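**Q** below are the sequence and a predicted model for it; my questions follow.
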Amino acid sequence: MRAKLGVLAAVAGLLASAAPVPAHHSFAAEYDANKPITLKGTVTKIEWTNPHARFYIDVKDENGAVTNWNLELASPNGLVRNGWTRKSLNVGDEVTVQGSAAKDGSKMANARVVTLADGRQVFAGSSGGDAPPRRAR
């Protein structure tokens, strides 16, 4: 009986290890600190989840075309330590975001500083840092 339980436990372990696990990449793997970006738009969605909170904004370009951007923040715990609450950002809020663009050219960025409609700035606590983005060389 013990042998059967051991085999069953080994098979269960192998099956569990084969399950897909989302990878967590470093800042440098996804974002380019030498590609600073400033976006102004309206919040459309907020995801207060680990390993990184995210929010999405609709950004209108100079021709009036609207593009939805995915913006990465720190973990919810990191945001709370920086003074955020779940009510700091709401769908419909007008915001300006400074951060670093994705290396792959997608409509994604790592947020550093979020300026709310009332002018308050909240720091994203992201792995890219909270300092204003460096200027491109």
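**A** Arrived safely, thanks for sending.

**Q** for stretch 31-48, which positions count as buried?
**A** Of all the residues in stretch 31-48, those buried under the rule 16 or more other C-beta atoms under 10 Å are Y31, D32, A33, K35, P36, I37, L39, G41, T42, V43, I46, W48. To be clear about C-beta, it is placed using only N, CA and C from the backbone, and glycine gets the same treatment.

**Q** quick one: contacts of it?
**A** The contact list for stretch 31-48 (C-beta atoms under 8 Å, 6 or more residues apart in numbering) reads 27, 53-60, 68-69, 71-72, 76, 86, 89-103, 109-110, 128, 133-137.

**Q** recalculate using a threshold of 6 Å.
**A** 54-59, 69, 76, 86, 89, 91, 93-94, 96-103, 109-110, 133, 136 (C-beta atoms under 6 Å, 6 or more residues apart in numbering).

**Q** can you give me the helices in this protein?
**A** Here the chain has its helices, by DSSP state H, at 2-17, 27-30, 76-81.

**Q** among the contacts of stretch 31-48, name the ones in strands.
**A** Per DSSP state E, strands hold the following members of the contacts of stretch 31-48: 54-59, 69, 94, 96-102, 109-110.
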